[in-house]
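*Asks:* Take this sequence and fold it.
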Amino acid sequence: MMIDIDRLLPRVTKPARYIGGELNSVRKSWEACTVRLALAFPDVYEVGMSNLGLQILYHLVNREEGLLAERVYSPWTDMEALMRARRVPLFSLESRRSVVDFDILGISLSMELTYTNVLNMLDLAGIPLLSAERDERYPVVLAGGSGAYNPEPMAPFIDLFAVGDGEEMLLDLLRLYGRMRAAGVVARDGRVRKEQFLREAARLEGVYVPSLYLVGERAGSLVPTPAEPGVPEIVVARRVSSIGPSPARPVVPHLEAVHDRAMVEVQRGCTRGCRFCQAGIIYRPVRERPAEDVLENAAEIVRNTGYDELALVSLSTADYSEVEEVVKRLAGLYPSERVKVSLPSLRVDSFSVKLAGALREAYGGGLTFAPEAGTQRLRDVINKGVTEEDIESALEAAFASGWSAVKLYFMIGLPTEKEEDIDGIARLAYRARDIGRRHVGNRAQVKVSVGTLVPKPQSPFQWFGQDGLDRIREKLTRLQRGIRGPGLSLSWHDPESSVLEAALARGDRRVAMVIRRAWSLGCRFDAWAEHFQFDRWREAFAQEGMDIHAEAEKEIPLDAPLPWDHISAGVDKRFLVREHQRALSAELSPDCRWGKCLACGVRSSYGGC
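*Replies:* Numbers count the residues shown, from 1 in each chain. Prediction:
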């Protein structure tokens, strides 16, 4: 039954967030489909519409006969208030059906600061928060994304996690549900029996079902172990052997999205081995798409959307072996600059004069480089693998090719960091401006952006604690004093939100109750500065007998059990330990894609790199 929201729309900001019917959206017959999926992104429409992964899954499901996928996003606070006042449940955009009517609710866990939004969406849908309190009257709640690599902070709220690449795994789960429904394994309302479905799903590669594990305390952490025979002791992430094309007809948002552009995935995975980087571990091995496929896919997307910007996306697009050819040919396809070509942040050692020139022809924006640290010693600690000469060469190439603006991204709070490392960030900023002025005069603009390290599970830095909040603030003040003057600007990520992110990222199942407590105190949209309430989060931790700062700053012994040890990204934990130890001695590890195998474990897990 369609929910009437028309009376609410005149009373909210940006009503286009809630109306659906966008170009390339898919509306399938509800009655003709045997399995119905609500794909949820726990943030506002403009953010969720920028997520390529969700677009891929949406179109994969909807091209399958008998399967249906519709989209759901977090309503903004004004819409939420009206929905609660009028008792309007959370609904999908395509058919405006209540989320509770769907068979499966699939939620993207892309960052920890959206966790309270997940609970808020469940509550708005009329779905009990705890998995143990839900029966067949409610959809099966599935979650995937990078948050699934430490699922424990959200485990009590989620029925099953999809760990790894979702393309095959999601279809397998939906088909399993359909087969069980056809076989009559259903409750009175026609839904598949939840407990039996979860047991069958747990047999699939990459699927973690928290209810099938016992949680016990070991060395101060709550660690899950299988509760019965046949349940995998370690859930290994699922990987697709090759990546398919990006959706040729992506949904075009009614409003300007955060990343309002066409997107083509050119490769997945990265072997650079930056030790702070979770994504570089969890998305191995590298899988590239041929240039011809990329070009054909790009032309289709532009033709079907009308976008005037095309982004070639991956973790490190400049490492894509055919990037120069693709950029040049795209520039040739759109000589009038009707369509601009952009790349995400670039590794400075992968940049070249030719690539800078090709990009300059195809794209008129600025360039972003990520040196990450201000000194060579600290870049070696994090295994960035770039030298001062690399950085200067990249800047020379950019400014000599006619660019007038560059952005440099750095992190503070890195292990073994000293004051001279902080001062090195300012020194590089001034050096970049000097190079720019030599080529483009006073038009040269250097923007420095600074984030705080958040130690992440499944990375070599997972055992390090985060810098204390006072220390982070001291470092930011030092940078504010050191980076000033014409042509220079400095921005930074809020350190309090980084503390929260760190406290959640490495948490065990006890943190779930903190998240529920914070939500009950009114926390939601924690990634939005105007809604972030650090004091309430601190209170939520305290009410659950924990300290947010202690959780963020805790150092974990290398031999201690980890709350996520039952989840494997396909990378050997011994490799992560070795990389952690090499960081302490500032030893570099080469990129195994071009040199010696470092025995990270991916080859044995997935049959080759």
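*Asks:* Not counting sequence-adjacent ones, nearest residue to Tyr149?
*Replies:* Gln458 (4.9 Å; Cβ to Cβ, 6 or more residues apart in numbering). No exception for glycine: its C-beta is placed from N, CA and C like everyone else's.
*Asks:* Next one: the one you found relative to Leu142, how far apart?
*Replies:* Taking Cβ to Cβ, to the nearest Å as the criterion, Gln458 is separated from Leu142 by 20 Å.
*Asks:* Settle it for me: which of the two has more neighbours?
*Replies:* Remark: of Gln458 and Leu142, Leu142 carries more neighbours, 26 against 23, as counted by other Cβ atoms under 10 Å.
*Asks:* For the host helix or strand of the more buried one, what is the distance to the chain centroid?
*Replies:* According to DSSP states H and E, Leu142 maps onto strand 140-144. Put simply, strand 140-144 sits 16 Å off its chain's centre (Cα atoms, centre = their mean, to the nearest Å).
*Asks:* Report the strands that pair with it, each with its relative direction.
*Replies:* Strand 140-144 has the following sheet partners, assigned by DSSP bridges: strand 104-108 (parallel), strand 160-162 (parallel).
*Asks:* Ok, which of those comes nearest Asn117?
*Replies:* Smallest distance to Asn117 across the strands paired with strand 140-144 (Cβ to Cβ): 9.5 Å, for strand 104-108.
*Asks:* and the next element down the chain from that closest one?
*Replies:* Counting by DSSP H and E, the next helix or strand C-terminal to strand 104-108 is helix 115-125.
*Asks:* show me where the stretch 501-609 of the chain has strands.
*Replies:* Per DSSP state E, counting those that start in this stretch, the stretch 501-609 of the chain carries strands over the ranges 567-568.
*Asks:* Could you do the stretch 251-400 of the chain as well?
*Replies:* Ranges of strands in the stretch 251-400 of the chain, per DSSP E, counting those that start in this stretch, are 262-265, 267-268, 287-288, 309-313, 340-342, 367-372.
*Asks:* Generate CSV for those strands, with mean pLDDT as supplementary columns.
*Replies:* Below are these laid out as CSV (pLDDT from 0 to 100):
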stretch, mean pLDDT
strand 262-265, 94
strand 267-268, 94
strand 287-288, 95
strand 309-313, 90
strand 340-342, 83
strand 367-372, 90
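*Asks:* Using CSV, lay out those together with mean neighbour count.
*Replies:* Shown next, in CSV, are the strands of the stretch 251-400 of the chain (neighbours: other Cβ atoms under 10 Å):
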stretch, mean neighbour count
strand 262-265, 24
strand 267-268, 22
strand 287-288, 18
strand 309-313, 21
strand 340-342, 22
strand 367-372, 22
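*Asks:* so can I have TSV of those showing distance to Pro226?
*Replies:* Putting these into TSV (distance: least, Cβ to Cβ, whole Å) gives the following:
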stretch	distance to Pro226
strand 262-265	35
strand 267-268	30
strand 287-288	31
strand 309-313	37
strand 340-342	46
strand 367-372	39
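*Asks:* Go through the chain and flag its longest helix.
*Replies:* Counting by DSSP state H, the longest helix found in the chain is helix 419-440.
*Asks:* which parts of that one are buried?
*Replies:* Across helix 419-440, burial judged by 16 or more other Cβ atoms under 10 Å covers 421-422, 424-426, 428-430, 432-433, 435-437, 439-440.
*Asks:* what's the angle between it and strand 367-372?
*Replies:* Angle, helix 419-440 to strand 367-372, by axes from the mean of the first three to the mean of the last three Cα atoms, to 10 degrees: 160 degrees.
*Asks:* Show me what helix 419-440 is in contact with.
*Replies:* 371, 373-375, 377-378, 391-392, 395-396, 399-400, 402-404, 406, 408, 410, 412, 414, 443-446, 448, 450, 475, 478-479, 482-483, 485, 487-488, 490 (Cβ atoms under 8 Å, 6 or more residues apart in numbering).
*Asks:* helices and strands around the next helix or strand after that helix, which ones?
*Replies:* Per DSSP H and E, the first helix or strand lying C-terminal to helix 419-440 is strand 445-452. Applying 3 or more Cβ pairs under 8 Å, 6 or more residues apart in numbering; DSSP states H and E, we find strand 445-452 packed against strand 405-412, helix 419-440, helix 469-482, strand 488-492, helix 495-505.
*Asks:* of all those, which lies closest to Ser110?
*Replies:* helix 495-505 (12.2 Å).
*Asks:* In stretch 108-127, which residues are buried?
*Replies:* Buried residues in stretch 108-127, counting neighbours by 16+ other Cβ under 10 Å, are found at 108-125, 127.
*Asks:* Next one: Asp189, what pLDDT does it get?
*Replies:* Asp189 carries a pLDDT value of 83.
*Asks:* Check Gly365 too.
*Replies:* 59.
*Asks:* Kindly report the same for Ser336.
*Replies:* You'll see Ser336 listed with a pLDDT of 60.
*Asks:* for Arg27, same thing?
*Replies:* Per-residue pLDDT puts Arg27 at 96.
*Asks:* gap between the closest residue to it other than its chain neighbours and Tyr149?
*Replies:* Counting by Cβ to Cβ, 6+ apart, Glu94 is the residue found nearest to Arg27 once chain neighbours are left out, at 5.1 Å. Noted for Glu94: a distance of 30 Å to Tyr149, by Cβ to Cβ.
*Asks:* now do Glu70
*Replies:* For Glu70 relative to Tyr149 (Cβ to Cβ), the value is 27 Å.
*Asks:* Pick out whichever of the two has more residues nearby.
*Replies:* Shown here are Glu70 and Tyr149; by other Cβ under 10 Å, Glu70 has more neighbours (27 against 23).
*Asks:* Confirm the more buried one sits in a strand?
*Replies:* Yes - under DSSP: H, G, I helix; E, B strand; the rest coil, Glu70 sits within a strand.
*Asks:* what residues are up against it?
*Replies:* Glu70 makes contacts with Arg36, Leu37, Ala38, Leu39, Ser92, Leu93, Glu94, Ser95, Arg97, Phe102, as judged by Cβ under 8 Å, 6+ apart.
*Asks:* ok, 7 Å please
*Replies:* By Cβ atoms under 7 Å, 6 or more residues apart in numbering, the contact list for Glu70 reads Ala38, Leu39, Ser92, Leu93, Glu94, Ser95.
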